[in-house]
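Peer 1: here is a sequence together with a model predicted from it:
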Amino acid sequence: MKGSLPYFYIKENLENIRGIRIYTSDDIPRNMDTLNERFYELSRDIVLEIETTKIFIFPDLMLNVYPLISERFKEVLVLFDIEIFTKRVMLADKASRKITSYYLLYTKNLLKADFNKHFKAVREDDGKIKFTISLDFAESLIRRGVKGIEFVEVEEDV
């Protein structure tokens, strides 16, 4: 990628992923294509039960079960004028009953976002989604103190 700014894959910190269990819901499909097809049929506010370890921190991006982003992450998407569609998801800890708010991402429009160079969804061979972000986007996240995520430089052209 000579002459161009680097791009990064953004992912959850591996150690942190092991610190949470999100109980899936029959109301939310795990398959990305089905989730995107039924996205607008989902209720406006969704509650999912979770279990966490004592060392778990709530990251700004979770992709393990569903594509979930924090309020801080959503603010950066809006700052970069990235058209996103979300549903609010409340994560309720089974032990403490503490509620943490996230947003479920609609990824269909992000997969076809040729016009968008700052934040793109990429489908891997196994069907999972990962996100590619620009250097500017990564810096904006870092300036806002994001937690629990890592950046891996993309080697091929984006």
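Peer 2: Received the coordinates, thanks. Numbers count the residues shown, from 1 in each chain.
Peer 1: run through the protein and note the low-pLDDT ranges.
Peer 2: Across the chain, the ranges flagged by pLDDT under 70 are 1-4, 112-115, 156-158.
Peer 1: and the strands in it?
Peer 2: 7-12, 20-22, 45-52, 61-62, 68-69, 86-93, 99-105, 119-123, 129-134, 149-153 (DSSP state E).
Peer 1: so which of these is nearest N31?
Peer 2: strand 129-134 (11.2 Å; C-beta to C-beta). All C-beta atoms are positioned from the backbone trio N, CA, C, and that covers glycine.
Peer 1: how much space between L110 and Y7?
Peer 2: Distance of L110 to Y7, given as C-beta to C-beta, to the nearest Å: 15 Å.
Peer 1: residue contacts, the residue nearest to I17 when sequence neighbours are not counted?
Peer 2: Counting by C-beta to C-beta, 6 or more residues apart in numbering, I17 lies nearest to N64, which is 5.5 Å off, once chain neighbours are set aside. Residues near N64 by C-beta atoms under 8 Å, 6 or more residues apart in numbering: 12, 17, 20, 22.
Peer 1: picking up where we left off before, right, so of the strands of the chain, which gets closest to L77?
Peer 2: L77 lies closest, by C-beta to C-beta, to one member of the strands of the chain: strand 119-123, at 6.4 Å.
Peer 1: CA atoms only for the closest one - export them in PDB, please.
Peer 2: Listed next in PDB are the C-alpha coordinates belonging to strand 119-123 (Å, rounded to 0.1, in the frame of the first residue of the first chain):
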ATOM      1  CA  PHE A 119     -15.300   2.100   8.200                       C
ATOM      2  CA  LYS A 120     -16.200  -1.100   6.300                       C
ATOM      3  CA  ALA A 121     -17.500  -4.500   7.100                       C
ATOM      4  CA  VAL A 122     -15.700  -7.400   5.500                       C
ATOM      5  CA  ARG A 123     -17.100 -10.900   5.400                       C
END
